[in-house]
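Enquirer: Quick one, fold the following:
(2 chains)
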Amino acid sequence: MSEETKSLNFIEHIIEEDLANGLSKDKLRFRFPPEPNGYLHIGHTKAIGISFGLGERYQAPVNLRFDDTNPAKEEQEYVDAIKRDIEWLGYKWANEFYSSDYFHTLYNWAVQLIKDGKAYIDSQSSEAMSEQKGTPTQPGVNGPYRNRSVEENLYLFEGMKRGEFDEGTHILRAKIDMQHPNMLMRDPIMYRILKKEHHRTGDEWCIYPMYDWTHGESDYIEQISHSLCSLEFKPHRELYDWFKDNVYGYAAQELPMPPKQREFARLNLSYTIMSKRKLLKLVQNNIVSGWDDPRMPTISGLRRRGYTPNSIRHFIERVGVAKRENVIDVSLLEFCIREDLNKIAPRVMAVLDPVKLVITNYPEDKEEWLDAENNQEDESAGFRKVPFSKELYIERADFKEEASNKFFRLKLGSEVRLKNAYIIKGESVVKDNNGHITEIHCTYSTDTEKKVKGTLHWVSVKHAIKAEVREYDRLFIDEAPDAHPEKDFMEFINPNSLKTIEAFVEPSLLDVTIGDQFQFQRLGYFNVDDDTTSEHLVFNKTVGLRDSWAKQKPKAQQNNNENKPQQQQQKRPAIEVIKQLGKKYTNQPEAKQEKSKAEILKLAETVSYDDLQPLFNTAAKKVGTRIATLITLSVLLKNGQERNEDINTFIEKALDDKNDLLVAEAKIL
RNA sequence: UGGCCUAUGGUGUAACUGGCAACACAUUGGUUUUUGGUACCAAAGAGUCUAGGUUCGAUCCCUAGUGGGCCAACCA
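Expert: Model prediction:
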């Protein structure tokens, strides 16, 4: 198990430290706590990978706990989908739990808190309460019901539970501190009245506990050692701990271990969105065909698209775990799926954009069944037969009447190999009235030992089977569709994310089952879609092959999204940029220095003396920063800044320096 | 007019927790190849946001600044 010391992420460091400090290894216990209000997506796989991965690493149990405290949003359908997805990823949970299992315990503890004067019933409107709550920059004030007697609180809480009050009339709040700098600590709500049927408890309850109250205590009840969640819950930790500390006294005997919450940065993928709410909108507005549309970043979408559990797990490993905001490039995901499929997907031939190829010296009625290797990466995959005849389909893009010798494919007068078959030579073309090529004529030679530069895939016209191929592009045209405060993410939907193609495939594919995966040679990886019937084959393009030829040609279509870095630079104050340029200045070659200097001169125009003044104290050894300061100063002086004592001493000190560049700049002044 | 988190190549994560930065993806060359795929080799790319401090020495510790993120749902 323990190979060379693999580097640990910060969570593993924490666990190792806890272990070193005496936590027994058999006390380790984790959990994955989804709310059953939507489908799991690629972002969740990070959380799943972390907690279940830790479980595997330390051989500790991992609970699957559905955080089902809001009957208005949650459904059994989602529970089932979530379980299916986690299983599919290959993870095993120790226990399947529900927060709703703990409603009674939670209720009893809440009563205890009331008795201890740590919770009270508030009976105001939500507007009134939110007003008293203050803002992040302003403290809140106490509400009029804050000091109700224990008896009254108890009486009302019981009434709430019995259904004697309407929704919105009373709530239970923890009594903490309305002036607390953390808004979550300003008497957070613990229970609200919700007269809704719950997918598990039915109509047993009409009050439901809130997240903060439920989640932490559920961890505690399950004796979770490390409760891991994403960064936006960091401010909740203080409340998590408050509840935990206060409840601990009620149950320390049976439940000795208080859990520990730690937070990591969630996964973001470029050109996609991760919010369940927004994904739901795509489904509801029929932008996609459903939660499992192959364009969706949901696990079910990825599965249908042809992603394998293996590839996703590798992806999550490579993405790493840390606490800073991150955006993962989709190319990493694509790399992971190619890596996996390359090893396991059988190769076949399919033509997506056909043009007819006639082999003029091949007998009219002849047909041959040639051997084709199923997968050169896997010897055990064996061979199959593919039919060859006089008329074939090849890709339109594989032919040009004439082209430079960087074009390895078929052109008139030169030779190319047909994969698994013969060598052919382009002879002539047949065109329609519009000059559109309808047929390519060629001759073949049986000497297959010949060295030729290109190899084409093909399908025999007579034997070809029709198939529908669905080719997908990213769902959004913007790198971060939901990161624009002014614009709705729906504005960035890519209208061309789905392309449906009538393709021809080799006859061996007549006999496939849903989910089968193939490499269409030279094109990419494809799988058999759920929509496939015995008469109608449907393939999804999972991902294309890497294509270093395609990279060479399209220079025309790279236009729009090259403005991110510039924006960032604009946002930084000029003086900050100058400092940075200065720091590197002395390490740069002369030409680059010139450029830096020009940039500093430009930026200096917008710098005020007050911004610059602190830099006069720069340590003597930081020559670059002092040079940048001098350059900036020269601009200020030119623009009418008067010389003063600070300026003069700074210049004098520079004149005294050993560094020639610095002295030179100082002399100018 | 606040609090908390965060800052390492284009991207993501490391750096035995103080000894001059590694791995993966992406990029660019090359070798092999009946997939312009795969595999293999190589190159380029950051001196760790800025300033000050502690130290013989800081990516790592302290302070401040700057940038980014989060926090005012009877959501989770």
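Enquirer: hey, let's count contacts and neighbours off CA atoms from now on
Expert: OK.
Enquirer: May I see the buried residues of stretch A:380-398?
Expert: Of all the residues in stretch A:380-398, those buried under the rule 16 or more other Cα atoms under 10 Å are A:385-396, A:398.
Enquirer: what about it, start to end distance?
Expert: 31 Å (Cα to Cα, to the nearest Å).
Enquirer: quick revisit: let's see which of the buried residues of stretch A:380-398 end up in helices.
Expert: Taking DSSP state H, every one of the buried residues of stretch A:380-398 sits outside helices.
Enquirer: Out of these, which is nearest to RNA strand B?
Expert: Nearest to RNA strand B among these is A:D398, at 7.7 Å by Cα to the nearest atom of the strand.
Enquirer: what ranges do the helices span in the stretch 401-550 of chain A?
Expert: With DSSP state H, counting those that start in this stretch, the ranges of helices along the stretch 401-550 of chain A come out as A:548-552.
Enquirer: same deal with the stretch 1-150 of chain A?
Expert: Counting by DSSP H, counting those that start in this stretch, the helices of the stretch 1-150 of chain A are A:10-20, A:42-58, A:76-89, A:103-115, A:126-132, A:150-162.
Enquirer: which secondary structure elements does the longest one contact?
Expert: Just to be clear, that refers to helix A:42-58. Helices and strands touching helix A:42-58, by 3 or more Cα pairs under 8 Å, 6 or more residues apart in numbering; DSSP states H and E, are strand A:30-32, strand A:62-66, strand A:226-230, helix A:309-319.
Enquirer: Got the phi and psi for A:I651?
Expert: phi -70, psi -40 (degrees, to the nearest 10).
Enquirer: Return the per-residue confidence for it.
Expert: The model reports A:I651 with a pLDDT of 92.
Enquirer: Spatially, which residue comes closest to A:D67, not counting chain neighbours?
Expert: Leaving out its chain neighbours, the residue that sits closest to A:D67 by Cα to Cα, 6 or more residues apart in numbering is A:E35, at 4.7 Å.
Enquirer: again, but for A:E364
Expert: A:K390 (6.2 Å).
Enquirer: so which of the helices and strands packed on helix A:42-58 is the most packed in?
Expert: strand A:30-32 (a mean of 27; mean count of other Cα atoms under 10 Å).
Enquirer: Which strands border that one, and is each parallel or antiparallel?
Expert: Sheet neighbours of strand A:30-32, with direction, are listed as strand A:62-66 (parallel) (DSSP bridges).
Enquirer: Now do the partner strand, average pLDDT.
Expert: In the prediction, strand A:62-66 has an average pLDDT of 98.
Enquirer: what do you get for stretch A:343-351?
Expert: Taken as a whole, stretch A:343-351 has an average pLDDT of 98.
Enquirer: got it, and stretch A:464-477?
Expert: 97.
Enquirer: Which positions within that stretch qualify as buried?
Expert: For stretch A:464-477, a neighbour-count test (16+ other Cα under 10 Å) marks A:464-472, A:474-477 as buried.
Enquirer: I'd assumed A:S126 was in contact with A:K133.
Expert: No: with contact defined as Cα atoms under 8 Å, A:K133 and A:S126 do not form a contacting pair (10.3 Å).
Enquirer: Give me the more crowded residue out of the two.
Expert: The neighbour count for A:K133 versus A:S126, taken as other Cα atoms under 10 Å, is higher for A:K133 (24 against 14).
Enquirer: tell me the contacts of that one?
Expert: A:139-141, A:178, A:183, A:186 (Cα atoms under 8 Å, 6 or more residues apart in numbering).
Enquirer: If any of the residues you listed are buried, give me the ChimeraX selection for them.
Expert: Under the burial definition 16+ other Cα under 10 Å, those of these that qualify are selected in ChimeraX by:
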select /A:139,140,178,183,186
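Enquirer: What about RNA strand B: which of the contacts of A:K133 touch it?
Expert: A:M183 (Cα under 7 Å from any atom of the strand).
Enquirer: just curious, which of the contacts of A:K133 is nearest to RNA strand B?
Expert: Using Cα to the nearest atom of the strand, A:M183 comes nearest to RNA strand B of those, at 4.9 Å.
Enquirer: and A:H215, that one's in a strand?
Expert: No: read with DSSP: H, G, I helix; E, B strand; the rest coil, A:H215 is helix and lies in no strand.
Enquirer: Next one: it from A:N434, what distance?
Expert: The value you get for A:H215 to A:N434, if Cα to Cα is used, is 69 Å.
Enquirer: same question, A:F504
Expert: According to Cα to Cα, A:F504 stands 25 Å off from A:N434.
Enquirer: Tell me which of those two has more neighbours.
Expert: Legend: neighbour count by other Cα under 10 Å for A:F504 and A:N434, higher for A:F504 (25 against 6).
Enquirer: show me the contacts for the more buried one.
Expert: With Cα under 8 Å, 6+ apart, A:F504 has these contacts: A:350-352, A:354, A:459, A:464-467.
Enquirer: Once you drop chain neighbours, what's closest to it?
Expert: A:K466 (4.7 Å).
Enquirer: now swap in A:E652 and tell me
Expert: Counting by Cα to Cα, 6+ apart, A:E652 lies nearest to A:A666, which is 7.8 Å off, once chain neighbours are set aside.
Enquirer: Burial check on the one you found, number of neighbours?
Expert: For A:A666, the count of nearby residues is 23 (other Cα under 10 Å).
Enquirer: Is it in contact with A:D656, as I believe?
Expert: No: using Cα under 8 Å, A:A666 and A:D656 do not qualify as a contacting pair, with a distance of 9.4 Å.
Enquirer: Okay, now the unreliable bits of chain A?
Expert: Across chain A, the ranges flagged by pLDDT under 70 are A:1-5, A:553-571.
Enquirer: circling back: quick check: which of the helices and strands packed on helix A:42-58 is nearest to A:E535?
Expert: Minimum separation from A:E535 across those (Cα to Cα) falls at helix A:309-319, 29.4 Å.
Enquirer: The closest one packs against which elements?
Expert: Applying 3+ Cα pairs under 8 Å, 6+ apart, one finds that helix A:309-319 contacts helix A:42-58, helix A:76-89, helix A:330-344.
Enquirer: what's the closest of those helices to A:T455?
Expert: helix A:330-344 (18.9 Å).
Enquirer: quick one: that closest one to chain centroid distance?
Expert: Mean C-alpha position of helix A:330-344 versus that of the full chain (Cα atoms, centre = their mean, to the nearest Å) differs by 16 Å.
Enquirer: Now do that helix: which elements does it pack against?
Expert: Helix A:330-344 sits against helix A:309-319, strand A:538-544, with contacts defined as 3+ Cα pairs under 8 Å, 6+ apart.
Enquirer: try 10 Å
Expert: helix A:309-319, strand A:517-520, strand A:524-528, strand A:538-544 (3 or more Cα pairs under 10 Å, 6 or more residues apart in numbering; DSSP states H and E).
Enquirer: Contact residues of the stretch 251-400 of chain A facing RNA strand B?
Expert: A:265, A:318-329, A:331-332, A:335, A:339, A:342, A:347, A:375-377.
Enquirer: where's the closest residue to A:D212 other than its chain neighbours relative to A:I121, distance?
Expert: Residue nearest to A:D212 in three dimensions, not counting chain neighbours: A:Y240, with 6.5 Å by Cα to Cα, 6+ apart. According to Cα to Cα, A:Y240 stands 20 Å off from A:I121.
Enquirer: Neighbour count: those two, which is higher?
Expert: More crowded of A:Y240 and A:I121, by other Cα under 10 Å: A:I121, with 28 against 23.
Enquirer: Show the contacting residues for the nearest residue to the more buried one once chain neighbours are set aside.
Expert: Nearest residue to A:I121, sequence neighbours excluded (Cα to Cα, 6+ apart): A:L172, at 4.5 Å. Applying Cα atoms under 10 Å, 6 or more residues apart in numbering, we find A:L172 in contact with A:110, A:114, A:119-123, A:153, A:156-157, A:160, A:187-193, A:207, A:209-210.
Enquirer: Let's see that with 6 Å instead.
Expert: A:120-121, A:189-191 (Cα atoms under 6 Å, 6 or more residues apart in numbering).
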